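>>> Here is my input, please return the structure:
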Amino acid sequence: MRKAAIRRTTKETDVAVAIDLDGTGAGSVSTGIGFLDHMLDLLARHSRIDMDIKAVGDLHIDYHHTTEDDGIALGQAVNQAMGDLKGIGRYADVLLPMDETLTRVALDVSGRPFLVFRTAFHSEKIGSFDTQLVGEWFKAFAMNAGITLHVETLYGINDHHISESCFKGLARALRAAIAIDPRAKDEVPSTKGRLGG
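Here you go, the predicted structure:
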């Protein structure tokens with residue numbers, strides 16, 4: 001049972017995340033930030049990871065703390081749910097088209113977190129959401145999930161499409177990388193015999 005629940009409480013936010021890596025993509029997301037809810041909902045749907053995310057944060061200041069802490073908590077939950085990493089595919093990549101936008105996502109569930117985020121936005125905001133927070137979310141998620149993650153938007157014009165292609169690309173790559181290969185279900189996918197560190 002690859003499930004996990006994380007509660008992250010600070011003076012700035014209170015975030016509760018529950019996931020099932022082997023779910024159907026059901027999502028119940030409430031962060032108080034409409035655009036982030038939309039991105040996390042489609043992340044759940046396209047990764048096939050069931051996600052229940054509830055966050056209350058200091059939105060009267062801005063969206064930064066809530067966005068970052070959602071990424072931290074979800075990353076920690078994914079890391080915990082993967083357990084000993086036996087049987088996973090480990091590597092995956094995808095080219096994700098979203099209308100005029102094309103984004104490439106590649107990842108390694110390595111236990112060694114790293115992020116390369118080469119995505120540029122044309123405006124400072126998507127609605128009321130700061131576009132720079134997209135990269136902040138990906139950084140928080142990758143560092144806490146323990147994955148090496150590369151995200152690069154090759155081209156695009158519409159900032160909503162650019163952001164959506166990044167989240168959907170992560171979803172599809174993550175879905176493939178964490179899938180259990182029945183031929184190697186008792187093996188850690190590394191010649192070292194372990195992942196991380």
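>>> all helices for the chain, in order.
34-47, 64-82, 132-145, 159-177 (DSSP state H).
>>> looking just at contacts, which helices and strands does the second one meet?
It refers to helix 64-82. Using 3 or more Cβ pairs under 8 Å, 6 or more residues apart in numbering; DSSP states H and E, the elements in contact with helix 64-82 are strand 3-9, strand 13-20, helix 34-47, strand 50-57, helix 132-145. No exception for glycine: its C-beta is placed from N, CA and C like everyone else's.
>>> quick revisit: out of the helices of the chain, which is closest to His122?
helix 159-177 (5.7 Å; Cβ to Cβ).
>>> sorry, back to before: in CSV: the helices and strands packed on helix 64-82, plus mean neighbour count and mean pLDDT.
Below are those laid out as CSV (neighbours: other Cβ atoms under 10 Å; pLDDT from 0 to 100):
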stretch, mean neighbour count, mean pLDDT
strand 3-9, 16, 98
strand 13-20, 20, 98
helix 34-47, 21, 98
strand 50-57, 20, 98
helix 132-145, 21, 98
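>>> Select, out of these, the one closest to Arg183.
helix 34-47 (22.4 Å).
>>> which strands and helices sit next to that closest one?
Using 3+ Cβ pairs under 8 Å, 6+ apart: helix 34-47 touches strand 27-30, strand 50-57, helix 64-82, strand 129-130, helix 159-177.
>>> Let me know the angle separating it from strand 13-20.
Angle of helix 34-47 versus strand 13-20, following axes from the mean of the first three to the mean of the last three Cα atoms, to 10 degrees, is 20 degrees.
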